[in-house]
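In: show me how the following folds:
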Amino acid sequence: MTYSHQTAGRRSLGTWLSRNAGNVLLELTAGTIMLFLVAPILVIVIVSFSSANYLSFPPSGFSLRWYVDYLNQPGWVDATILSVWTAACVTVIATILGTAASIGMVRGRFPGKRIINACILSPLIVPGIVVAIAVYFFYVRIGLIGSPLAIIAAHSALAAPFVVLNVTATLYGFNERLEHAAQNLGATRWQTFRYITLPIIRPGIVAGALLAFVTSFDELIVALFVSGTGAVTLPRKMWDSIRFGLEPTIASVSVLTIIVSVLAFLSAELLRRRTLRMMAKEG
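Out: Numbering: from 1, shown residues only. Now for the predicted structure:
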């Protein structure tokens, strides 16, 4: 009886594997690729807790000394504060401009709409080095090199397309009959936008804002060209640290930037799923 059960179990397992071989192979391949991509990050995380005086893997011991060293160095702290402040300003500017542009692109009816939309999204396509060189020569003429305003303006142009994409996706799934009903009941355009449109597209706006923050916070190429010596952001500080002396503090700073980016992307993904659920309910 036991033998027959074992034989039946093996046959059922073999049948399941034959039917799902493609799915199993796909999952194994995806898992291997993910491990390959995540492994360097895991190495950095482990090295950041090393007690050694230099970067080494595996570490000889574990300690929080390099996190304490990061907090005790004014150069790192100032660069972090500048990056956070710059990213916050960029988030506000890019969110306002990106939301307005998205509404105009989706609801507007005017000639040259596709060309304008392509220009708005061009920072996602044009190589970063090309954008950085163009921005550098423009800022040299108007004397903005080395100013935080230069970084804010350049990063806003790079971050706005992310807001446009997220808000546009939300608007295309939006039921315009809700706006028409509000206006038929006496609401003005502003009241309709504030009380009807904005609450529904808010998840897309917030998701775009989070991506805009990460875009500015992690951006390096443009910062290398326009930051000069008076506006050193955290990625620029990390670059200088790697060039002029590789100290273990860079590992702890890298972990902190990874945490910020991961939290922002997870929040954006949760908001995206919430938006999809809201669209499904409206549909």
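In: low-confidence ranges, the stretch 101-250 of the chain, go.
Out: When residues are selected by pLDDT under 70, those of the stretch 101-250 of the chain lie in 245.
In: do a quick rundown of the helices in it.
Out: 113-121, 128-142, 148-172, 177-184, 189-192, 198-218, 221-226, 234-244, 249-282 (DSSP state H, counting those that start in this stretch).
In: let's have those helices in CSV, adding distance to I103 and mean neighbour count.
Out: Heads up, the C-betas are built off the backbone N, CA and C, glycines and all. Output for these, formatted as CSV (distance: least, Cβ to Cβ, whole Å; neighbours: other Cβ atoms under 10 Å):
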stretch, distance to I103, mean neighbour count
helix 113-121, 12, 14
helix 128-142, 25, 14
helix 148-172, 7, 23
helix 177-184, 11, 13
helix 189-192, 11, 12
helix 198-218, 9, 22
helix 221-226, 27, 22
helix 234-244, 32, 17
helix 249-282, 16, 16
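In: can you tell me which of those helices is nearest to S83?
Out: Comparing the helices of the stretch 101-250 of the chain against S83 with Cβ to Cβ, the closest turns out to be helix 234-244 (4.0 Å).
In: by contact count, what packs against that closest one?
Out: Where contact means 3 or more Cβ pairs under 8 Å, 6 or more residues apart in numbering; DSSP states H and E, helix 234-244 is packed against helix 74-107, helix 221-226, helix 249-282.
In: in TSV: those helices, plus distance to Y67.
Out: As requested, these are arranged in TSV below (distance: least, Cβ to Cβ, whole Å):
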stretch	distance to Y67
helix 74-107	11
helix 221-226	24
helix 249-282	5
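In: which one of these lies nearest to V47?
Out: V47 sits nearest to helix 249-282 of all these, at 4.6 Å, using Cβ to Cβ.
In: so that closest one versus helix 177-184, what angle?
Out: Inter-element angle recorded for helix 249-282 and helix 177-184: 70 degrees (by axes from the mean of the first three to the mean of the last three Cα atoms, to 10 degrees).
In: begin at 54 from now on, thanks
Out: In the new count, where the first residue is 54, that last one comes out as helix 302-335.
In: of all the helices and strands packed on helix 287-297, which one is nearest W243?
Out: Nearest to W243, of the helices and strands packed on helix 287-297 and by Cβ to Cβ, is helix 127-160 at 12.7 Å.
In: in the closest one, what counts as buried?
Out: 129, 132-133, 135-137, 139-140, 142-144, 146-148, 150-152, 154-156, 158-159 (16 or more other Cβ atoms under 10 Å).
In: just checking, what packs against that helix?
Out: helix 118-125, helix 166-174, helix 201-225, helix 251-271, helix 287-297, helix 302-335.
In: for I195, which of those helices is the nearest?
Out: Nearest to I195, of all the helices and strands packed on helix 127-160, is helix 201-225, at 9.1 Å by Cβ to Cβ.
In: state the distance from the residue nearest to the spatial centre of the chain to V217.
Out: Closest to where the C-alpha atoms of the chain average out (Cα atoms, centre = their mean) is L264, at 3.7 Å. To V217, L264 is 11 Å away according to Cβ to Cβ, to the nearest Å.
In: what's in contact with stretch 260-268?
Out: Contact with stretch 260-268 is made by 140-141, 143-144, 147-148, 151-152, 208, 211-213, 215-220, 313-314, 317-318, 320-321, 324-325, 328, as judged by Cβ atoms under 8 Å, 6 or more residues apart in numbering.
In: thought Q126 was touching T302?
Out: Yes - using Cβ atoms under 8 Å, Q126 is in contact with T302, at 7.1 Å.
In: need the overlap of contacts for those two.
Out: With contacts defined as Cβ under 8 Å, 6+ apart, no residue is adjacent to both Q126 and T302.
In: and the chain, what are its domains?
Out: Split into domains by automatic domain parsing, the chain comes to 55-101, 122-335.
In: could I get those in CSV, plus columns for distance to F115?
Out: As requested, the domains of the chain are exported to CSV (distance: least, Cβ to Cβ, whole Å):
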stretch, distance to F115
domain 55-101, 9
domain 122-335, 12
